[in-house]
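1. Here's my sequence, what's the structure:
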Amino acid sequence: MDGVELEFPIGRSGVREFDLDLGRWDDALVEVWAVEWDVDPKTLVMLFRGRVGGFRRSAALAASVVFEVRSEVGQTLRSRVPACSPLCRAELGDDRCGVDLSDRQSEAEARATTDGVVRLGAPPPDPERWALGWLRFLDGPLAGVDRRILTVAGAAVHVEGWLPSRDEVSWRVGLTEGCDKRLETCRSRFANALSFRGEPFVPGTDALLRFGHE
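-> Just a heads-up that it's a prediction; the model follows:
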């Protein structure tokens, strides 16, 4: 079984509209168990285990959401041969990369948020370091929400994904340095070229077209 669809009432099941829009349920772990309550309620049989791959509002029932759940077994059986890429396939700081991020993080205060922008109390140091990194809300109603950083312009941090509009707030946020996944950056900024997971010198798909003009 590659996947299932599970429908939940919004609000009564603990699933809130606000959390859906923020992406709190993205990639959430889902387990479906069977139990005979009248015979032996302590005996459980797992029927399905997977991850939320997407959701949609139900067309049949008002105020409900349908989660599209991908089977973990199906994901494991699929081919995982990496595609050739001039850019690194690792994420900065993961096991394949190996860069220690403990001294590549910073905390700041968010004063306002709008869709796609977090305005800080002061510009972060070395703003170019944070592009393509991560911003995490550490407290307030958005605590635990992560957003990919696109660019930093002064005290304005432009992020990927929806955020509610809030003014005059004082929420702590954590910034984690980013990487553009180029070999030059890996070598010069992180001294980590030996761990580069890409093929920067392999000709691109336009190699034959370029050959006739060189």
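2. contacts for the top strand by length along the chain?
-> Ranked by residue count, the top strand of the chain under DSSP state E comes out as strand 40-57. Residues outside strand 40-57 that contact it (C-beta atoms under 8 Å, 6 or more residues apart in numbering) are 1, 3-4, 20, 25-36, 64-75. In this view, the C-beta of every residue, glycine as well, is placed from N, C-alpha and C.
3. hmm, 7 Å instead?
-> When contacts are defined by C-beta atoms under 7 Å, 6 or more residues apart in numbering, strand 40-57 is touched by residues 1, 3-4, 20, 25-35, 65-72.
4. which residues touch Cys84?
-> Each residue near Cys84 by C-beta under 7 Å, 6+ apart is listed here: 199, 202.
5. if I read this right, Ser85 contacts Gly198, doesn't it?
-> Yes: applying C-beta atoms under 7 Å as the test, Ser85 and Gly198 come out as touching, 5.3 Å apart.
6. and the two? which has more neighbours close in?
-> The residue with more neighbours, out of Ser85 and Gly198, is Gly198; 18 against 13, by other C-beta atoms under 10 Å.
7. can you count the residues close to Gly54?
-> 11.
8. low-scoring pLDDT stretches of the protein, where are they?
-> The chain contains residues with pLDDT under 70 at 1, 59-62, 73-81, 204-214.
9. Show me the domain layout of it.
-> Here the domain parsing of the chain from automatic domain parsing is 3-77, 105-176.
10. Go through the ones you listed and pick out the most buried.
-> Ranked by mean neighbour count, the domains of the chain are led by domain 105-176 with a mean of 16 (mean count of other C-beta atoms under 10 Å).
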